[in-house]
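*Asks:* My questions are about this predicted structure, shown below with the sequence.
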Amino acid sequence: MEKRVFIVIILIIGVFALVGCSSVFNEIKDEDMTVEDYAWGFIDKEIEMYENAEYGGFKVIDKKIISLKRLSSFDNILSNPVELWRLEYRLKPENIDEVMVAGGMQVEDGWITEDSSMGKPNLVFTYEGDRLIYLGNANTLEFEINSLSTQEVAIRILLENLDVLPKETYDSSHVLIKFPLSTGETSQLLLSQPVSQGPNGIWVVERWMDGNGTIYHEIPYFEENIKIQDYYENLQEQVDNGHNPWMLDPVEVGYDYIINTLGQVLVKTDDLEVINPATIDDFLTTPISHYIGYIPEMNSDNGLFHFDKVEYLTTEDEERAAELNIDINQDMPSGFYIYNKDKYPMVFEVCGETKFLILDLNDLSNHISVSKRDFIEYNNSTNNSVLFHLYTKDGYVTEIKEQYLP
């Protein structure tokens, strides 16, 4: 079965500098402002930032625009067209020797370029009738905006961060698929139908979230420089003509993405947790990740601690035991087996809300909640040999719970 492999270009939410929102230019805004007027306004704000910097402030004595070029225009993002313009400019310091070149800054022939730690500025505009409206700067660190697909996603992320757009690309049915990454944490995909709805519509991954809650927008890879919607409409037409019928199954599309795009080749279909139908709120809720292992080191003065992850197998895990050459009849006299592939510890962090649960010695079917200090003393008293379940969310440990071992 032929499958289209998608490639993800990581767009980490938060790398877009929302520098120069239209409110910045209230003092100069009027009905007749042009793209160039806004560009100069953006440059003046950058000059103000440099000159007022607490460290390394310097005076700019000259400025010039090198290039102001419209890269693209999209009519499927807002009710009016949205344009992306690349701005290149130069700033002349009074004394170049006073300039502290850092954070992505570059100097050419004594002039500071438009480069910064966030990349190059790309100004975003729309229209109200004939009036030009400046929306912000889709300035990225992770990649060059060198195609229509990357440009569209950059604009969408900017507008989502400004709450101009909802945090979903397609107002369609959604399917959510949770799965484990090779590092142990739970990740999740959001799938949507970008063209046709219902049983005859193709499914695509529009974004995914890692175990820390970071969201990555999917950008489909294709050789032609065409817009994303045109690409998906072409795929829908191919499916309508009998090609790639697997794209009508969201679970198959999601699993293909996990294996061939994210490279999580150890994930099996049985590892998938599918929520169908799902909502965007389901996706925006960070998944809870689960680990089991030992805590060889923890102290009361530091939130960070080491964790030795293991696999805890029971007689029900016949398939996994067979993969590890474990005989469930001979190697599990107590009904379980602890597989510790290596002793290289992972690092986690507890917070003030972390729950510490140890077995109630008067009733081993129950747990009791203890303080962090008491938990550390208890674990140390066992020579750090107690097995714990560890749960994380948003990058923090929410609960540590002792595992009963007969």
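*Replies:* All right, it came through fine.
*Asks:* G136 against L162, yeah?
*Replies:* Yes - the pair formed by G136 and L162 meets the contact definition of C-beta atoms under 8 Å, at 6.3 Å. Placement of C-beta: from N, CA and C, glycine included.
*Asks:* out of those two, which sits in the busier spot?
*Replies:* Comparing G136 with L162 by neighbour count (other C-beta atoms under 10 Å), the higher total belongs to G136, at 23 against 14.
*Asks:* What is the helix or strand where I400 lies packed up against?
*Replies:* In the assignment (DSSP states H and E), I400 maps to strand 396-402. Applying 3 or more C-beta pairs under 8 Å, 6 or more residues apart in numbering; DSSP states H and E, one finds that strand 396-402 makes contact with strand 346-360, strand 387-393.
*Asks:* check which helix or strand covers the closest residue to P194 other than its chain neighbours.
*Replies:* In space, P194 comes closest to Y232 once its chain neighbours are excluded; the distance is 4.4 Å by C-beta to C-beta, 6 or more residues apart in numbering. Assigned by DSSP H and E, Y232 falls within helix 228-240.
*Asks:* in the stretch 151-300 of the chain, which spans are helices?
*Replies:* Along the stretch 151-300 of the chain, counting by DSSP state H, counting those that start in this stretch, helices occupy 228-240, 250-260, 280-284.
*Asks:* Just name the most buried of those.
*Replies:* helix 250-260 (a mean of 21; mean count of other C-beta atoms under 10 Å).
*Asks:* Check the burial of the nearest residue to Q229 once chain neighbours are set aside by counting its neighbours.
*Replies:* Distances taken as C-beta to C-beta, 6+ apart place N76 nearest to Q229, at 5.5 Å, with adjacent residues excluded. Counted with other C-beta under 10 Å, residues neighbouring N76 total 11.
*Asks:* which one of the helices and strands packed on strand 396-402 lies closest to L71?
*Replies:* strand 387-393 (38.6 Å; C-beta to C-beta).
*Asks:* longest helix anywhere in the protein?
*Replies:* As assigned by DSSP state H, the longest helix anywhere in the chain is helix 35-51.
*Asks:* related to what we said a few turns ago, kindly state which of the helices and strands packed on strand 396-402 is positioned closest to F283.
*Replies:* Closest among the helices and strands packed on strand 396-402, using C-beta to C-beta: strand 387-393, at 14.7 Å.
*Asks:* The strand holding I400: partners in the sheet, and parallel or antiparallel?
*Replies:* When pairs are called by DSSP bridges, strand 396-402 turns out to pair with strand 346-360 (parallel), strand 387-393 (antiparallel).
*Asks:* which residues touch the last one?
*Replies:* Identification of contacts with strand 387-393 by C-beta atoms under 8 Å, 6 or more residues apart in numbering yields 185, 211, 213, 286-295, 307, 310, 312, 338, 348, 397-403, 405.
*Asks:* Quick one: low-confidence residue ranges for the stretch 101-250 of the chain.
*Replies:* For the stretch 101-250 of the chain, the stretches flagged by pLDDT under 70 are 142-143.
*Asks:* Show me the contact partners of stretch 67-85.
*Replies:* Outside stretch 67-85, the residues touching it (C-beta under 8 Å, 6+ apart) are 35-36, 39, 86-88, 122-128, 135, 138, 145, 148, 151-152, 154-156, 159, 164-165, 227, 229.
*Asks:* same thing but 7 Å
*Replies:* Here stretch 67-85 makes contact (C-beta atoms under 7 Å, 6 or more residues apart in numbering) with 35-36, 39, 86-88, 122-127, 138, 145, 148, 151-152, 155-156, 229.
*Asks:* first to last residue in it, what's the distance?
*Replies:* 10 Å (C-alpha to C-alpha, to the nearest Å).
*Asks:* residue ranges for the strands of the stretch 1-150 of the chain, please.
*Replies:* Using DSSP state E, counting those that start in this stretch, the strands of the stretch 1-150 of the chain run over 60-74, 82-93, 107-108, 111-113, 122-128, 131-137.
*Asks:* With distance to Y378 as extra columns, can I get those in a markdown table?
*Replies:* Formatted as a markdown table, the strands of the stretch 1-150 of the chain follow (distance: least, C-beta to C-beta, whole Å):
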| stretch | distance to Y378 |
| --- | --- |
| strand 60-74 | 59 |
| strand 82-93 | 58 |
| strand 107-108 | 59 |
| strand 111-113 | 58 |
| strand 122-128 | 55 |
| strand 131-137 | 52 |
